[in-house]
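[1] Here you go, sequence then predicted model.
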Amino acid sequence: MKASRIVIAAGSLAALSIVAFSSLTHEAVAASGAETLAVRKAVMRSIATHFGAIKGAIVSGDQNRIKAAARHAMAMNWLSAGIPTVTPQGSGLNAGKSRALPKIWEDWAGFKKAAAGLTTESGKLAAALKTGDAKAAMAQFANTGKIGCGGCHRFFRAKKK
Ligand code: HEC
């Protein structure tokens with residue numbers, strides 16, 4: 001085989017492997033996107049479960065239950081810090097059924113700020129619950145829902161169809 005032919009053959013082989021490699025990485029990204037989407041939904045449902053448990057404790061009026069519910073607020077506090085991590089590029093609609101709006105990745109700083117908002121509010125909620133004061137805890141529960149959850153959902157989550 002002439003040297004020029006070998007060069008061409010090697011060149012097309014390289015091109016082929018680039019195509020094969022890029023489709024492989026594309027698939028890998030898509031798969032991890034779907035996986036991340038499922039994890040994000042699980043994180044959200046977990047946050048919502050803790051939030052519901054806190055409401056139940058406050059409504060019961062039982063001081064010991066209210067104080068103990070600070071653990072749920074701390075769990076929310078901890079989980080909220082991981083929201084951006086479970087929301088990478090490629091884990092939105094292209095990864096499956098999702099209500100995550102493209103605005104998340106267009107305004108990444110704003111999204112991170114919204115997650116930090118829940119971190120702050122749930123921290124305050126833990127502090128309020130620790131006092132055992134139902135009234136103070138309920139006031140901060142409302143703030144957490146409005147500022148913490150609403151501050152993100154209002155801008156970054158699509159309306160239910
Ligand atoms: C920083 C943004 C952010 C914060 C803060 C946030 N969420 Fe979400 N939440 C989202 C996004 C985005 C989705 C849509 C996820 C998807 O479908 O990909 C979502 C979805 C959900 C879902 C639906 C999960 C599912 O199974 O589809 C629930 C429930 C939920 N959030 C509850 C809460 C509660 C309760 C709070 C506050 C205590 C909260 N979220 C705070 C961004 C946030």
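    Great, that's in hand. Numbering: from 1, shown residues only.
[2] gap between the closest residue to Lys160 other than its chain neighbours and Ala42?
    Beyond its immediate neighbours in the sequence, the residue positioned closest to Lys160 (CB to CB, 6 or more residues apart in numbering) is Arg99, lying 7.4 Å away. (C-beta placed from N, C-alpha, C; glycine too.) Computed as CB to CB, to the nearest Å, the Arg99 to Ala42 distance reads 15 Å.
[3] Looking at those two, which is more packed in?
    Neighbour totals were compared for Arg99 and Ala42, and Arg99 leads with 15 against 11 (other CB atoms under 10 Å).
[4] residues in this protein within reach of the ligand, list them.
    Neighbours of the ligand within the chain, by CB under 6 Å from any ligand atom: 37, 40-41, 44-45, 47-48, 51, 83, 98-100, 111, 114-115, 118, 144, 148-149, 152-153, 156-157.
[5] again, only using 8 Å
    Contact residues, the chain versus the ligand (CB under 8 Å from any ligand atom): 37, 40-42, 44-45, 47-48, 50-51, 76, 80, 83-84, 87, 91-92, 97-101, 104, 111-112, 114-115, 117-118, 122, 144-145, 148-149, 151-153, 156-158.
[6] so what's the residue nearest the centre of the chain up against?
    By CA atoms, centre = their mean, the chain has its centre lying nearest to Ile83, at 3.1 Å. Counting by CB atoms under 8 Å, 6 or more residues apart in numbering, Ile83 makes contact with Arg40, Val43, Ala115, Leu118, Cys152.
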